[in-house]
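Novice: Mind looking at a prediction? Sequence and model below.
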Amino acid sequence: MPTTLTLDDDLAGLLRTAAQQKGQPVAELAFSLLRTALDKPERQRSAATPFRIHPHQGVFAPGVPLQKLNRLADELDVECFLDRQKS
């Protein structure tokens, strides 16, 4: 069934380049790519590469007192609150 597709210039250029590299006509490569994309289940098309998160034990560097960090966090919270009140 003859169908006309309008492609963006950059996409058409990529398709032409890929077809030249593979030694295929542009239309043949376009059909092949469309068929491959449409034959895959939606889940496979959208699935990202799986990865693992490896937790580690977070500790403060020696000599960093936790109380000073908490006090600093409190001071920053108060400062932020006061700035919002001025606005």
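Specialist: Everything's here; your move.

Novice: What average pLDDT does stretch 65-78 get?
Specialist: Mean pLDDT, taken over the full extent of stretch 65-78, equals 88.

Novice: residues in contact with that stretch?
Specialist: Contacts of stretch 65-78 from elsewhere in the structure, counted by CB atoms under 8 Å, 6 or more residues apart in numbering, are F60. Placement of C-beta: from N, CA and C, glycine included.

Novice: what's the answer for stretch 5-21, then?
Specialist: P25, V26, E28, L29, A30.

Novice: May I ask which helix or strand of this protein has the lowest mean pLDDT?
Specialist: helix 42-46 (a mean of 59; mean pLDDT, DSSP states H and E).

Novice: Please save the CA atoms from the helix or strand just after that one in PDB.
Specialist: Tracing the chain past helix 42-46, the next element assigned as helix or strand by DSSP states H and E is helix 66-86. Taking C-alpha atoms only, helix 66-86 is exported to PDB below (Å, rounded to 0.1, in the frame of the first residue of the first chain):
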ATOM      1  CA  LEU A  66      26.700  16.300  64.800                       C
ATOM      2  CA  GLN A  67      25.400  19.000  67.100                       C
ATOM      3  CA  LYS A  68      27.000  21.700  65.000                       C
ATOM      4  CA  LEU A  69      25.400  20.300  61.800                       C
ATOM      5  CA  ASN A  70      22.000  20.200  63.400                       C
ATOM      6  CA  ARG A  71      22.400  23.800  64.700                       C
ATOM      7  CA  LEU A  72      23.400  24.900  61.200                       C
ATOM      8  CA  ALA A  73      20.400  23.200  59.600                       C
ATOM      9  CA  ASP A  74      18.100  24.900  62.200                       C
ATOM     10  CA  GLU A  75      19.700  28.300  61.400                       C
ATOM     11  CA  LEU A  76      19.200  27.800  57.700                       C
ATOM     12  CA  ASP A  77      15.600  26.800  58.200                       C
ATOM     13  CA  VAL A  78      14.900  29.900  60.300                       C
ATOM     14  CA  GLU A  79      16.700  32.100  57.700                       C
ATOM     15  CA  CYS A  80      14.600  30.700  54.900                       C
ATOM     16  CA  PHE A  81      11.400  31.100  56.900                       C
ATOM     17  CA  LEU A  82      12.200  34.800  57.600                       C
ATOM     18  CA  ASP A  83      13.000  35.400  54.000                       C
ATOM     19  CA  ARG A  84       9.600  34.100  53.000                       C
ATOM     20  CA  GLN A  85       7.900  36.300  55.500                       C
ATOM     21  CA  LYS A  86       9.600  39.400  54.000                       C
END
